[in-house]
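Asker: sequence first, then the predicted structure:
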Amino acid sequence: MTAQRVRIIEGGKLIIPAPMRRKLGISTGDTVLVDIEDGELRVRSLTQAIARAQAILRRHVPEGVSLADELIADRRREAERE
């Protein structure tokens, strides 16, 4: 998608063009994550942010390992020690 010019309106509000909102999967009333990276304002949907975090985590967890199962087992061991 090509860059588009938009204006900042009163109160610092930025209107994201509808085609861009659709592409990001965001709708009126949704919460988004906004950050600055390399001098650019970046907007991500929560779904995209979660998917990105999961992808990062997946690189550090061996195939077939369930972190949820490991956490449950760890908590059970702690409970047995008490």
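Answerer: Cool, the structure landed.
Asker: ok so residue 52 is a strand residue?
Answerer: No: Residue 52 is assigned helix when assessed by DSSP: H, G, I helix; E, B strand; the rest coil, not a strand.
Asker: so who does it touch?
Answerer: Residue 52 makes contact with residue 44, according to CB atoms under 8 Å, 6 or more residues apart in numbering. (Glycine included, C-beta is placed from N, CA and C.)
Asker: separation between it and residue 40?
Answerer: 16 Å (CB to CB, to the nearest Å).
Asker: how about the residue most central in space within the chain, nearest residue that isn't a chain neighbour?
Answerer: For the chain, the residue nearest the mean C-alpha position is residue 49 (1.0 Å; CA atoms, centre = their mean). Residue nearest to residue 49 in three dimensions, not counting chain neighbours: residue 33, with 4.9 Å by CB to CB, 6 or more residues apart in numbering.
Asker: can you tell me what sits against the one helix or strand that neighbour maps to?
Answerer: Secondary structure from DSSP states H and E places residue 33 in strand 32-37. By CB under 8 Å, 6+ apart, the surrounding residues in contact with strand 32-37 are 24, 26, 41, 42, 43, 44, 45, 46, 49.
Asker: show residues contacting the strand or helix carrying residue 78.
Answerer: Secondary structure assignment for residue 78, by DSSP H and E: helix 67-81. For helix 67-81, the surrounding residues in contact (CB under 8 Å, 6+ apart) are 57, 61.
Asker: mean confidence score for it?
Answerer: For helix 67-81, the mean per-residue pLDDT is 94.
Asker: alright, calling it a day.
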